[in-house]
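K.L.:
Sequence first, predicted coordinates after that:
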Amino acid sequence: MTCAELIRYLSDYIDRNLDEALTAEAEAHLATCQNCHVVLNTTQKTIALYKQSGRQVIPAERRTALFARLQAALPPRADCEA
Ligand SMILES: [Zn+2]
């Protein structure tokens, strides 16, 4: 299995949705590839943190402020000019 293939199968691997052959290939790759091992760990930690924090609701006024800051930070779009 290549790194690109591993990344493609990563979420199914984490969810244990891969068949036995692909799981074995993924594990063999992870055992030898430090980069993919780090990607797997980071992804699993992110999922765990997200589950731990639960669903976050952003209050309306903060959402408006966030949106305004995002718009200010984005470069102006040439195709939007009147
Ligand atoms: Zn790899």
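P.N.:
Received it, and whenever you're ready, just let me know what you need.
K.L.:
residues contacting the spatially most central residue of the chain?
P.N.:
With distances taken as CA atoms, centre = their mean, Thr43 lies nearest the centre of the chain, 6.4 Å away. Shown in contact with Thr43 (CB atoms under 8 Å, 6 or more residues apart in numbering): 10-11, 14. C-beta: built from backbone N, CA, C; applies to glycine.
K.L.:
hmm, 10 Å instead?
P.N.:
7, 10-11, 13-14 (CB atoms under 10 Å, 6 or more residues apart in numbering).
K.L.:
which one of these is nearest Leu70?
P.N.:
Closest approach between those and Leu70, by CB to CB: Ser11, at 27.1 Å.
K.L.:
Assign a three-state SS to the closest one, would you?
P.N.:
Assigned with DSSP: H, G, I helix; E, B strand; the rest coil, Ser11 falls in the helix class.
K.L.:
Now for it: which residues touch it?
P.N.:
Applying CB under 10 Å, 6+ apart, the residues near Ser11 are 17-18, 43, 47.
K.L.:
ok, so what distance separates it from Ala21?
P.N.:
Look at Ser11 and Ala21: by CB to CB, to the nearest Å, they are 18 Å apart.
K.L.:
circling back: going by neighbour count, which of the contacts of Thr43 comes out on top?
P.N.:
Counting neighbours by other CB atoms under 10 Å, Tyr13 leads the contacts of Thr43 with 20 neighbours.
K.L.:
Can you tell me the element the closest residue to that one other than its chain neighbours falls in?
P.N.:
Ranked by CB to CB, 6 or more residues apart in numbering and with sequence neighbours excluded, the top spatial neighbour of Tyr13 is Ala26, at 5.0 Å. Using DSSP states H and E, Ala26 sits within helix 20-32.
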